[in-house]
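Enquirer: generate coordinates for the sequence data below:
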Amino acid sequence: MTVLLLANTLAALVSVGFAVLGGVRPEALSEGDRFFAWMYAVRGVPLGVAAGLVPLFWTGPAVVVVLLAAAAAQVGDAAIGLATRKWAMIAGASVLVVVHVATAIAAR
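Expert: Below you'll find the predicted structure:
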């Protein structure tokens, strides 16, 4: 469980990092549309922080809900990556889905 918690926390930190990067330098992740970059950041930062921290301090149904919500957001990101043929986005989001779901299963 400790390894899974560390992997989940690292995955959430990476997600938060990309959300902040997209908000601060949208051209680094897309064609530079600041509006959509900030829309991503305001969702990605709080959800990533919650997904990273909640499992470190609690267990049970609430943790599962937070992690599954984070996984669902990553499924959406992977779908967007698939639609736009951004292979790194597909791969990264897919890994995060697996880590969040595995941690949710372990935390229940």
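Enquirer: right, and T59 touches T103 too?
Expert: No: here T59 lies out of contact with T103, judged by C-beta atoms under 8 Å, at a distance of 10.6 Å. Every C-beta, even on glycine, is put in place using the N, C-alpha and C of the backbone.
Enquirer: ok, the two, which is more surrounded?
Expert: Neighbours per residue (other C-beta atoms under 10 Å) separate T59 from T103, with T103 holding more: 28 against 13.
Enquirer: secondary structure element for the more buried one?
Expert: helix 87-107 (DSSP states H and E).
Enquirer: can you mark which positions in stretch 75-93 are buried?
Expert: Across stretch 75-93, burial judged by 16 or more other C-beta atoms under 10 Å covers V75, D77, A78, G81, K86, M89, I90, G92, A93.
Enquirer: so who does the second one touch?
Expert: So the one you mean is D77. The contact partners of D77, taken as C-beta atoms under 8 Å, 6 or more residues apart in numbering, are M89, A93.
Enquirer: same check, this time on A7
Expert: V99, T103.
Enquirer: how far does the helix or strand containing it sit from the chain's center?
Expert: A7 is located in helix 2-24, with elements delineated by DSSP H and E. Relative to its chain's centre, helix 2-24 lies at 7 Å (C-alpha atoms, centre = their mean, to the nearest Å).
Enquirer: just want the angle from that helix to helix 87-107.
Expert: Orientation check (axes from the mean of the first three to the mean of the last three C-alpha atoms, to 10 degrees): helix 2-24 against helix 87-107 gives 140 degrees.
Enquirer: so what's the residue nearest the centre of the chain closest to, chain neighbours aside?
Expert: Closest residue to the average C-alpha location of the chain: S15 at 4.5 Å, with C-alpha atoms, centre = their mean. In space, and not counting its chain neighbours, S15 is closest to G48: 4.0 Å by C-beta to C-beta, 6 or more residues apart in numbering.
Enquirer: what about that neighbour, how many residues nearby?
Expert: Applying other C-beta under 10 Å, we find 25 other residues in the vicinity of G48.
Enquirer: thanks a lot, catch you later.
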